[in-house]
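Trainee: What follows is a protein structure lacking sequence information:
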DNA sequence: CCCCCCCC
């Protein structure tokens, strides 16, 4: 196996031998800081010289990880560059390669190469006497250039110029090696990243006491992480049109500053601002870079997130409300909004609000899947979501999670009754449920104390009392007072001291639920009663008036279903008689993973 | 240098 003799020395002197063949004598993994990508450093031989300041581009790590390259392997380097570091040290970066022979096949060091001391690179005149495989015209006397421009070299062979060595994607600017986004800090400014644009904002203008202007941001991603980059005024004019979502660019010479976490949904500690020096150039071979990534959260788990935090969410738009408008309390401006009800396989529904253009342009036909990166969590109605200015809304994204959701929805999700975070108390601390069996509730005297006891029980609906399970309630929001029928088509609310021509149906449903240990009578108010019966109270009330047999059918169909009941137990005294009253706070679908784990825990407590 | 993202 013939190596490209002296090619290392040539490269260190800014010559560009084509497709040089080297032997990898040794390799060392450089563990990176958290979130960054590990890199490999190679000890490379050209048969005459050994050089240790050689790095493998991160996208070639697979050659090391798959053991395609082991010690003594011979490689052909089809793309490379030589960068100058502080102290005039030179680093060869291998950008692309082919493995010509495995380390096992070669089995030994070829030739007797001399080690090059990186701080004392021998002059080109010290090229060893054997015939180089690559014919390279050498400049007669060329000092070590201070320009580390890849592909630029002595003038004696212009025809051999960079069309062979610099691929179209290689930027024409002087550059150091490609850095990872995760490695950027404000304390270094000689860096260059190769990154995909995952988001480009609209152009926004501002005007305040400090002045006015326009700006935009892009979000950038590489293997190591994400960062936001903002362009103001002149930079906006220069780069806005050029930057396209999903395309890959080289970025260098942006200002870095600590990201204000209050406004940033990305996990990066820093963010970039374009300045007059900034260079952005397209990169045509960025296929190896990741696209937008999500860390999806199940809707049922939203109560584990604090209000004002951001989450990635994907769900089916089960309900798409019409646009409406609200007046901002702060700006007094009217804003268009649209509320969606989002559901997923976790069996919980949550409201998601779209604003402005997102709201007006949204088409809810056909139960689309939507993904939101960085949706804002609020505790309205237990938990709600909002697509904020820094969120990204993607309708029918081409991601596996979307296809899975679609399949689930078409098969079963469509007919599922979804629970909500309403009735969970809203504070949503996300405590692990206090699971009890009904016999435990009795044995432990739950609800007998001063304060109510809350517990969660998995139970089956055994019986529902249909008499007096609903009433005509005051139509005023938040007033659920039972109305007095005046007999003249009007209904009187004693609480509001008003008469109404209309009413809303409210439910108080008494049901008996059982587990394998005992049974328990529970009272379900509106939301949990609707959850058990699978129908809105207003529909049920109308149904009962029109056709009582249909109403009976709804009640019967609700029997023998299993739920995870969130219950509140408290003794109440009425007419000198005290009895335990159990109110259902929520009837949620059983999560059989959680429930299975609960059973495992109970089994282990039996000590069998 | 923005950073408001609203309401119920």
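Mentor: Looks like it arrived, so ask away. Just so it is clear, the structure is predicted and the values come from calculations on it, not from any experiment. Numbering: from 1, shown residues only, chains lettered A, B, ... in the order given.

Trainee: which SS class is the one residue in chain A that gets nearest to DNA strand B?
Mentor: Residue nearest to DNA strand B within chain A (CB to the nearest atom of the strand): residue A:389, separated by 1.5 Å. (Glycine included, C-beta is placed from N, CA and C.) Classification of residue A:389 using DSSP: H, G, I helix; E, B strand; the rest coil returns coil.

Trainee: Next up, the contacts around it.
Mentor: residue A:201 (CB atoms under 8 Å, 6 or more residues apart in numbering).

Trainee: For it, give me the pLDDT.
Mentor: The per-residue pLDDT reported for residue A:389 equals 79.

Trainee: Quick check: phi and psi at the residue most central in space within chain A.
Mentor: What sits nearest the mean C-alpha location of chain A, by CA atoms, centre = their mean, is residue A:294, with 2.5 Å. Dihedral pair for residue A:294: phi -120, psi 150, per degrees, to the nearest 10.

Trainee: What's the local residue count around the spatially closest residue to it that is not a sequence neighbour?
Mentor: Distances taken as CB to CB, 6 or more residues apart in numbering put residue A:312 closest to residue A:294, at 4.2 Å, once the chain neighbours are dropped. Using other CB atoms under 10 Å, residue A:312 has 19 other residues around it.

Trainee: May I ask which helix or strand encompasses residue A:312?
Mentor: strand A:310-327 (DSSP states H and E).

Trainee: On the C-terminal side of that strand, identify the next helix or strand.
Mentor: Counting by DSSP H and E, what follows strand A:310-327 is strand A:334-343.

Trainee: Give me the sheet partners of that next one and which way each runs.
Mentor: The pairing partners recorded for strand A:334-343 under DSSP bridges are strand A:310-327 (antiparallel), strand A:349-355 (antiparallel).

Trainee: Reformat those into CSV and put mean pLDDT and distance to DNA strand B next to each item.
Mentor: As requested, the strands paired with strand A:334-343 are exported to CSV (pLDDT from 0 to 100; distance: least, CB to the nearest atom of the strand, whole Å):
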stretch, mean pLDDT, distance to DNA strand B
strand A:310-327, 93, 3
strand A:349-355, 95, 4
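
Trainee: returning to that earlier point: now the residue of chain A closest to DNA strand B: phi and psi?
Mentor: Dihedral pair for residue A:389: phi -60, psi -30, per degrees, to the nearest 10.

Trainee: So which residues on the stretch 151-300 of chain A come close to DNA strand B?
Mentor: Neighbours of DNA strand B within the stretch 151-300 of chain A, by CB under 7 Å from any atom of the strand: A:204, A:206, A:208, A:210-211, A:213, A:215, A:217, A:230, A:232-233, A:235, A:257, A:259-260, A:263-264, A:271, A:273, A:275.

Trainee: Narrow the residues you listed to those in strands?
Mentor: A:204, A:206, A:208, A:211, A:213, A:215, A:217, A:230, A:232, A:257, A:271, A:273 (DSSP state E).

Trainee: with those in mind, which one is nearest to residue A:541?
Mentor: residue A:204 (48.6 Å; CB to CB).

Trainee: Contacts only, for that closest one.
Mentor: With CB under 8 Å, 6+ apart, residue A:204 has these contacts: A:214-216.

Trainee: Give me the below-cutoff pLDDT ranges for chain A.
Mentor: For chain A, the stretches with pLDDT under 70 are A:32-37, A:86-87, A:129-176, A:423-433.

Trainee: Which strands or helices does the helix or strand that residue A:593 is a member of pack on?
Mentor: Here residue A:593 sits within helix A:592-605, counting by DSSP H and E. On a contact count with 3 or more CB pairs under 8 Å, 6 or more residues apart in numbering; DSSP states H and E, helix A:592-605 meets no helix or strand.

Trainee: Buried residues of that helix, list them for me.
Mentor: residue A:598 (16 or more other CB atoms under 10 Å).

Trainee: With stretch A:556-566 instead?
Mentor: Neighbour-count burial for stretch A:556-566, counted by 16+ other CB under 10 Å, picks out A:558, A:561-566.

Trainee: Now do it: everything it contacts.
Mentor: Against stretch A:556-566 from outside (CB under 8 Å, 6+ apart): A:423-424, A:433, A:454, A:456-464, A:513, A:522, A:531-534, A:584-591, A:595.

Trainee: Show me the helices in chain A, by range?
Mentor: A:7-12, A:61-65, A:103-106, A:233-239, A:356-361, A:400-411, A:438-443, A:526-533, A:537-546, A:548-557, A:592-605 (DSSP state H).

Trainee: which of the ones you listed sits most buried?
Mentor: helix A:7-12 (a mean of 25; mean count of other CB atoms under 10 Å).

Trainee: what about that one, distance to the chain center?
Mentor: In terms of CA atoms, centre = their mean, to the nearest Å, the centre of helix A:7-12 is set 44 Å apart from its chain centre.

Trainee: do stretch A:586-602 as well
Mentor: The answer for stretch A:586-602 is 27 Å, by CA atoms, centre = their mean.

Trainee: still on that earlier bit, as TSV, the ones in strands among the residues of the stretch 151-300 of chain A next to DNA strand B with distance to residue A:394 would be great.
Mentor: Below are these laid out as TSV (distance: CB to CB, whole Å):
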residue	distance to residue A:394
A:204	20
A:206	27
A:208	32
A:211	34
A:213	29
A:215	23
A:217	17
A:230	22
A:232	27
A:257	29
A:271	22
A:273	26
